[in-house]
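Asks: Okay, sequence plus prediction incoming.
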Amino acid sequence: MTVPAPDPGRPGPVPFLDLRGEHRRVRPELDAAWAAVLDEGRFVGGPEVAAFEREFADHVGTARCVGVGNGTDALELVLRALGIDPGAEVVVPTNTFVATAEAVRAVGAVPVFVDVRPEDLLVDPAAVEAAIGPRTAAVVAVHLFGQVADIAALRRITRRHGLALVEDAAQAHGARFAGRRAGALGDAAAFSFYPGKNLGALGDGGAVTTADTGLADRVRRLADHGRDPRDRHLHREAGRNSRLDALQAAVLRVRLRRLDADNEARRQVVARYGDLLPDACRLLAVDPRGEPVHHLAVVQVEQRGAVADALSAAGIGWGIHYPVPCHRQPAFADDRPTPSLPVAEAAAARILSLPCSPGTTAEQIEHVTTAVSDVVERRRRVASR
């Protein structure tokens, strides 16, 4: 078989998320961290977990951090620790990963889905206020795509109605709003450390952050089988097993040291996309009060299918986050009836996530934007005939 020679004029593949490249940069540190855990011999809890919890709380700017098994558990544990009763209602944006609503359902509460703002696809505070009723117990502010929701407006609403405000910060490690970081803005926050996150482990992991020490203590107790911290043989309430393991904590400590620099690199990637993408392919707006970390580089484009095909043909990774809003998911069809949420429904047909990693190069960005521009220009010519 004859193997064709590589074409020097054709750019190489562009990964949607270059985890291999990210791990190569810190491989010696990762190897040393894992070796230290193996030598210590404590794999659940122990000094690595305690150290990460302190360091992440300091990074977020809050009093407490509790490591747990994953981001979905973190949300569920927060809701349970807040005392959200079965049958209560929790307001949730429909444009989010399904885990946000799953956590509400897991505690026996009902997710009440609301629409998002057209400019950034983050939860619309006006829609939140309109959805509050006599059974509402909490609001979940989802900091989607790496940008903090309008926490100032949401805080005013929840205080006025006496509701808990929970941050779903799974996509917003290091993001800021009015100078304060995600995770220190509500009553409590849930983080995911899934490998693809800005701060990712090498497996599942999660954390709860809060300034409320009593709430943190209850989260820790619930995550450890409801165990009494003073007597490990007594279980004061039925809990669960959801603990961050020491190996993942060691990895997270390594990556946390680079998080701010990596987030700045992501901002530069998205800024370059903004310079090169055609007007018909729009990046989401950024709230001037915020500092996003661009977990995802999301655009809205009318010819999404054609653009996605062109990206694939050019060896470029892409994604859609999310093509089916939560209120249209079959899993929630039996919950409270939800009217049409037009902004999220319209956006679901147009959104496209472009490659975005700290190591995404200028040449790769140009390759992506050229592929997108070619499709948009061809469509423009056909429409103008």
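Replies: Sure, I can see it.

Asks: in stretch 115-130, what counts as buried?
Replies: 115, 116, 117, 120, 121, 122, 123, 124, 125, 127, 128, 129 (16 or more other CB atoms under 10 Å). The C-beta positions use only the backbone N, C-alpha and C, and glycine is treated the same way.

Asks: which stretches of this protein have low pLDDT?
Replies: Scanning the chain for pLDDT under 70 picks out 1-10, 336, 338, 385.

Asks: Does anything pack onto the longest helix along it? Which helices or strands?
Replies: For the chain, the helix with the greatest residue count under DSSP state H is helix 362-384. Applying 3 or more CB pairs under 8 Å, 6 or more residues apart in numbering; DSSP states H and E, we find helix 362-384 packed against helix 259-276, strand 281-283, helix 304-313.

Asks: Now distance to residue 52 and mean neighbour count too, for the ones you listed, in TSV please.
Replies: Shown next, in TSV, are the helices and strands packed on helix 362-384 (distance: least, CB to CB, whole Å; neighbours: other CB atoms under 10 Å):
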stretch	distance to residue 52	mean neighbour count
helix 259-276	12	17
strand 281-283	33	18
helix 304-313	37	17
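
Asks: Reformat those as JSON lines; add distance to residue 33.
Replies: As requested, the helices and strands packed on helix 362-384 are arranged in JSON lines below (distance: least, CB to CB, whole Å):
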{"stretch": "helix 259-276", "distance to residue 33": "15"}
{"stretch": "strand 281-283", "distance to residue 33": "36"}
{"stretch": "helix 304-313", "distance to residue 33": "36"}
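
Asks: what sits against the closest residue to residue 42 other than its chain neighbours?
Replies: Counting by CB to CB, 6 or more residues apart in numbering, residue 246 is the residue found nearest to residue 42 once chain neighbours are left out, at 5.8 Å. Taking CB atoms under 8 Å, 6 or more residues apart in numbering as the criterion, residue 246 is in contact with 37, 40, 42, 43, 44, 45, 46, 47, 48, 49.

Asks: quick one: secondary structure of residue 65?
Replies: Under DSSP: H, G, I helix; E, B strand; the rest coil, the three-state class of residue 65 is strand.

Asks: Does it touch residue 54 like I think?
Replies: Yes: if you go by CB atoms under 8 Å, residue 65 and residue 54 touch, sitting 7.4 Å apart.

Asks: So which of these two has more stuff around it?
Replies: residue 65 (24 against 12; other CB atoms under 10 Å).

Asks: So which bits of stretch 59-79 are buried?
Replies: Residues of stretch 59-79 classed as buried: 59-62, 64-79 (neighbour count, 16+ other CB under 10 Å).

Asks: try stretch 325-343
Replies: For stretch 325-343, by 16+ other CB under 10 Å, it's 325, 326, 327, 328, 332, 335, 338, 341, 343.

Asks: What is the end-to-end distance of that stretch?
Replies: With CA to CA, to the nearest Å as the measure, stretch 325-343 spans 10 Å from end to end.

Asks: Look at residue 234 and tell me its secondary structure.
Replies: strand.

Asks: partners of the residue lying closest to it once chain neighbours are set aside in the sheet?
Replies: Using CB to CB, 6+ apart and skipping the chain neighbours, the partner closest in space to residue 234 is residue 228 (4.1 Å). Counting by DSSP bridges, residue 228 is bridged to residue 231.

Asks: you'd agree residue 228 is up against residue 237?
Replies: No: counting by CB under 8 Å, residue 228 does not reach residue 237; the two are 9.6 Å apart.

Asks: any shared contact partners between those two?
Replies: Common contacts of residue 228 and residue 237, defined by CB under 8 Å, 6+ apart, comprise residue 221.

Asks: Domain-wise, how is the chain divided?
Replies: Using automatic domain parsing, the domain parsing of the chain gives 21-256, 258-384.

Asks: For those, give me a markdown table that also has distance to residue 13.
Replies: Formatted as a markdown table, the domains of the chain follow (distance: least, CB to CB, whole Å):
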| stretch | distance to residue 13 |
| --- | --- |
| domain 21-256 | 12 |
| domain 258-384 | 4 |
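
Asks: No further queries at this time; thank you.
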